[in-house]
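*Asks:* Mind looking at a prediction? Sequence and model below.
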Number of protein chains: 2
Amino acid sequence: MTAKTRQDARVPAHPAIEDVTMQQVLEALADPIRRAIVRGLYASGEDRACGTFPMVVSKSTGTHHFKVLREAGLIRQYYVGTSRMNSLRRTDIDAAFPGLLDAVAGHPEPAPGAPPPPTRRVGGGDGA
Amino acid sequence: MTAKTRQDARVPAHPAIEDVTMQQVLEALADPIRRAIVRGLYASGEDRACGTFPMVVSKSTGTHHFKVLREAGLIRQYYVGTSRMNSLRRTDIDAAFPGLLDAVAGHPEPAPGAPPPPTRRVGGGDGA
DNA sequence: ATCGAAGTATGATCGGCGTCGAACTTCGAG
DNA sequence: CTCGAAGTTCGACGCCGATCATACTTCGAT
């Protein structure tokens, strides 16, 4: 037992943004569920509790995904009562990986499980 | 139309860029070897044969990675003799996923097989 | 003090992806 | 035609990451 307060035990470790690698970030963003979370935070611009996301997986799996996002430096987590709030580390990410967050989270991507949009044929390609 | 040359049989199928999903692109870019290939093409700005990349894996694995990149719409491939040339589909990707290629391929990321920087070495750098 | 809500921690399972070697194909050179 | 170079295809293997159920913790409300 440590001398720390019990709250401290619930404060998870967040990496400094300079210790985060692009590998970590891309691996984190490569999962559709995690990307949906990031997009949700990106779009709303507010901190949200884990429970406010439409989770299509079990609670423990949800915890896992939030953990991956946290360790990839994408979100910051803190407790409010029994709820864990999630905050997008937008400034940090933009500084470390310019343009990446906007390119990924700002993209009009269909939510996982959504009906596919009608594919439209547009002639275009780059010959180069 | 004239009769097709024998070469055509070796021309692999490339997806239309609008059929490519962000999921595919991120999965393709999530691998360090594939990212190194893309970064190489991005930096040089020229088409390059498979063999011109410092492959740290076997030939068959290399073929696999190029195939993933091709099916993710990131590169275009064509034969010149027995060499397969690889071309970055920069215009297409920029149109479909604005900012993404610049953010990823333009990032000063160390190569996967590169010698580790002499600065502090954190234990377990790789996923082991 | 007790209960429920919200999440965490801990195994365990399982499918997919990266990996390889070996055999095969195609092309260019001699 | 023969040979070698460059890649591809195929099958197999191993690892890791996503998933789940269960048990546990912490907090707020009653």
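*Replies:* Perfect, thanks for sending it.
*Asks:* Close to DNA strand C: what parts of chain A are there?
*Replies:* A:12, A:49-51, A:59-60, A:62-63, A:66-67, A:77, A:82-84 (CB under 7 Å from any atom of the strand). Every C-beta, even on glycine, is put in place using the N, C-alpha and C of the backbone.
*Asks:* Of those, which is the nearest to chain B?
*Replies:* residue A:67 (15.2 Å; CB to the nearest CB).
*Asks:* Report the secondary structure state of that closest one.
*Replies:* Using DSSP: H, G, I helix; E, B strand; the rest coil, the structure places residue A:67 in helix.
*Asks:* Now it. Nearest residue, chain neighbours left out?
*Replies:* residue A:12 (7.7 Å; CB to CB, 6 or more residues apart in numbering or on different chains).
*Asks:* Hmm, that neighbour is touching residue A:77, no?
*Replies:* Yes - using CB atoms under 8 Å, residue A:12 is in contact with residue A:77, at 5.6 Å.
*Asks:* and stretch A:78-86, how far apart are its ends?
*Replies:* One end of stretch A:78-86 sits 7 Å from the other (CA to CA, to the nearest Å).
*Asks:* Tell me if it is near DNA strand D.
*Replies:* Yes - Stretch A:78-86 comes into contact with DNA strand D (CB under 7 Å from any atom of the strand), by way of A:79, A:81, A:82.
*Asks:* which residues in chain A form strands?
*Replies:* With DSSP state E, the ranges of strands along chain A come out as A:48-49, A:75-80, A:83-88.
*Asks:* Alright, that wraps it up for me.
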